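Enquirer: Sequence first, then the predicted structure:
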Amino acid sequence: MNHMAGMPEGETRLDACAVAAALAPAFAARAAAHDADDSFVAENFAELRAAGLVEAGVPTELGGGGAEPRQLAEMLKTLARACGSTALAFSMHTHQVAIPAWRWRHRQVAAVEPLLKRVAAERILLLSSGGSDWIAGSGAARKVEGGWRVSARKVFTSAAPMGDVLMTGAVVEEEDGSRSVIHFGAPMKAAEVRIEEVWRTLGMRGTGSQNVVLDELFIPDAAVALKRPAGVWHPLFQIIATTAFPLIYAVYLGVAESARDIALDLVRRKGPDAHGLAIAGRMETALRAAQIGHEAMLAAVEKNDPSAESVNEVMIAKALVTEKAIEAVELAMELAGGAGFYRDAGLERRFRDVQGARYHPMRPGPQAEYAGAMALGLPVASIF
């Protein structure tokens, strides 16, 4: 039974940030070991589930915690200060909850209710393949009686070892030669689903972002949530891009903030020199720019009007957060000096983890083209 049942409708039932702060010390204590052996942060995820954070973003009326994107972002940032891998992997579930929650709140889409209610009641963990699929989609869906047979390899599937449902899609080759993408949830326990353990990376090593392979998985027609043209922006993707990235990039901001704290602590032990003061000031400036950029991302969400314009606002701000968070951590390494080079300090792990900010869509080239097209009043439908 949901431990938050019986609360008044519309009332926030869970202080997600406070719960995250209570869990953070244990996550921080385990982070180095997971980083060292590339192991998934399974114990942390079990504690996130037990603490009620899996359903934090589900509206209270549907049995969840009622947290809005700003609260969810703060929750993820708090987790990221302790363990970047835990926070990044959990951001993938969190945004897959926040997107249907937004649709339910603002458009009252009844079709999303069953999923949100399952998250709240059963605490199922949702996985995302969005970064590897994005607008073009991947894999193949073949029409059969009553549904589809899907074969695909979905890479970068964070928290794959503990996931219950993979929110994904597959490409349909239409009779007229065009391509469409169907969207659905793939049950991770199905016999036709397997995990390939390939996640050995520079940073974010504990995310368990393995490959998930679908081998002729049957998806009933009734389980297809959407069919859309491939390679073209769709209104749902405007909701996804506007809602998801402020949550994902809260993680990288949290990593940068923790790197700053570590560097300052190391410098205080030996005392800063004049050169160190300048580096510290540059670090603070870069970090503040990242924070301002992230605030702009949240402001775009809170306009509650996903559109081509909101995607542009989020992606410009995302580029700023990426550049300045990485810069802040680089300066933290420089400020700390040789002491920061040792793994025990935890700074070099954050230096590696923050590099992941480079790899989520939209990458710098497409983002700049999208922003340029918007500025010039040109079409952006196929820029991704």
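Expert: Good, I have the coordinates.

Enquirer: From now on I want contacts and neighbour counts done on CA atoms only, so please keep to that.
Expert: Will do.

Enquirer: quick one, strands of the stretch 201-350 of the chain?
Expert: 210-220, 226-229 (DSSP state E, counting those that start in this stretch).

Enquirer: Compare the mean pLDDT across these and name the weakest.
Expert: Lowest mean pLDDT of those: strand 226-229, a mean of 93.

Enquirer: packing partners for it?
Expert: Strand 226-229 is packed against strand 179-187, with contacts defined by 3 or more C-alpha pairs under 8 Å, 6 or more residues apart in numbering; DSSP states H and E.

Enquirer: thinking again about what came up before, what's the closest of the strands of the stretch 201-350 of the chain to Val150?
Expert: strand 210-220 (4.9 Å; C-alpha to C-alpha).

Enquirer: packing partners for the closest one?
Expert: Looks like strand 210-220 contacts strand 147-157, strand 193-196 (3+ C-alpha pairs under 8 Å, 6+ apart).

Enquirer: quick one: which of the ones you listed is nearest Trp102?
Expert: strand 147-157 (22.8 Å).

Enquirer: Give me the mean pLDDT for that closest one.
Expert: The average pLDDT within strand 147-157 is 97.

Enquirer: ok, then the element right after it?
Expert: Per DSSP states H and E, the first helix or strand lying C-terminal to strand 147-157 is strand 165-173.

Enquirer: quick one: Ala186 and Met167 touch, right?
Expert: Yes. Ala186 sits in contact with Met167 when judged by C-alpha atoms under 8 Å, with a separation of 6.4 Å.

Enquirer: the more surrounded of the two?
Expert: Remark: of Ala186 and Met167, Ala186 carries more neighbours, 23 against 17, as counted by other C-alpha atoms under 10 Å.

Enquirer: List the contacts of that one.
Expert: Applying C-alpha atoms under 8 Å, 6 or more residues apart in numbering, we find Ala186 in contact with Val165, Leu166, Met167, Thr168, Ile219.

Enquirer: Check what pLDDT it gets.
Expert: Looking at Ala186, its pLDDT reads 97.

Enquirer: Check the one 4 residues further on too.
Expert: Looking at Ala190, its pLDDT reads 98.

Enquirer: for Ser132, same thing?
Expert: 71.

Enquirer: cool, the one 5 residues further on as well?
Expert: What the model reports as pLDDT for Gly137 is 93.

Enquirer: before we move on, the earlier item: to Ala111, which of the strands of the stretch 201-350 of the chain lies closest?
Expert: Closest among these, using C-alpha to C-alpha: strand 226-229, at 10.7 Å.

Enquirer: Adjacent strands (with direction) for the closest one?
Expert: Counting by DSSP bridges, the strands paired with strand 226-229 are strand 179-187 (antiparallel).

Enquirer: In PDB, list the C-alpha atoms belonging to the strand it pairs with.
Expert: Taking Å, rounded to 0.1, in the frame of the first residue of the first chain, the C-alpha atoms of strand 179-187 are listed here in PDB:
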ATOM      1  CA  ARG A 179       9.100   6.200 -41.800                       C
ATOM      2  CA  SER A 180       7.100   6.500 -38.600                       C
ATOM      3  CA  VAL A 181       7.900   5.900 -35.000                       C
ATOM      4  CA  ILE A 182       5.700   4.100 -32.600                       C
ATOM      5  CA  HIS A 183       6.100   4.800 -28.800                       C
ATOM      6  CA  PHE A 184       5.400   2.200 -26.100                       C
ATOM      7  CA  GLY A 185       6.500   0.800 -22.800                       C
ATOM      8  CA  ALA A 186       8.600  -2.400 -23.100                       C
ATOM      9  CA  PRO A 187       8.300  -4.800 -20.000                       C
END
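
Enquirer: ok now it, how far from the chain's centre?
Expert: Centroid separation between strand 179-187 and its chain, computed with C-alpha atoms, centre = their mean, to the nearest Å, is 19 Å.

Enquirer: likewise stretch 256-275?
Expert: For stretch 256-275 - counting by C-alpha atoms, centre = their mean - the centre lies 29 Å from the chain centre.

Enquirer: Could you export the strands of the stretch 201-350 of the chain to a markdown table, including columns for distance to Trp102 and mean neighbour count?
Expert: Shown next, in a markdown table, are these (distance: least, C-alpha to C-alpha, whole Å; neighbours: other C-alpha atoms under 10 Å):
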| stretch | distance to Trp102 | mean neighbour count |
| --- | --- | --- |
| strand 210-220 | 25 | 19 |
| strand 226-229 | 17 | 15 |
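
Enquirer: To Glu68, which of the ones you listed lies closest?
Expert: Going by C-alpha to C-alpha, the one of the strands of the stretch 201-350 of the chain nearest Glu68 is strand 226-229, 24.6 Å.

Enquirer: And for that closest one, what's in contact with it?
Expert: Arg179, Ser180, Val181, Ile182, His183, Phe184, His234.

Enquirer: go with 7 Å
Expert: Here strand 226-229 makes contact (C-alpha atoms under 7 Å, 6 or more residues apart in numbering) with Arg179, Ser180, Val181, Ile182, His183.

Enquirer: hmm, which helix or strand of the protein has the shakiest average pLDDT?
Expert: In the chain, the helix or strand scored least confidently by mean pLDDT, DSSP states H and E is helix 130-133, which has a mean of 75.

Enquirer: which secondary structure elements does that one contact?
Expert: strand 147-157 (3 or more C-alpha pairs under 7 Å, 6 or more residues apart in numbering; DSSP states H and E).

Enquirer: now do 8 Å
Expert: Judged by 3+ C-alpha pairs under 8 Å, 6+ apart, helix 130-133 is in contact with strand 147-157, strand 165-173.
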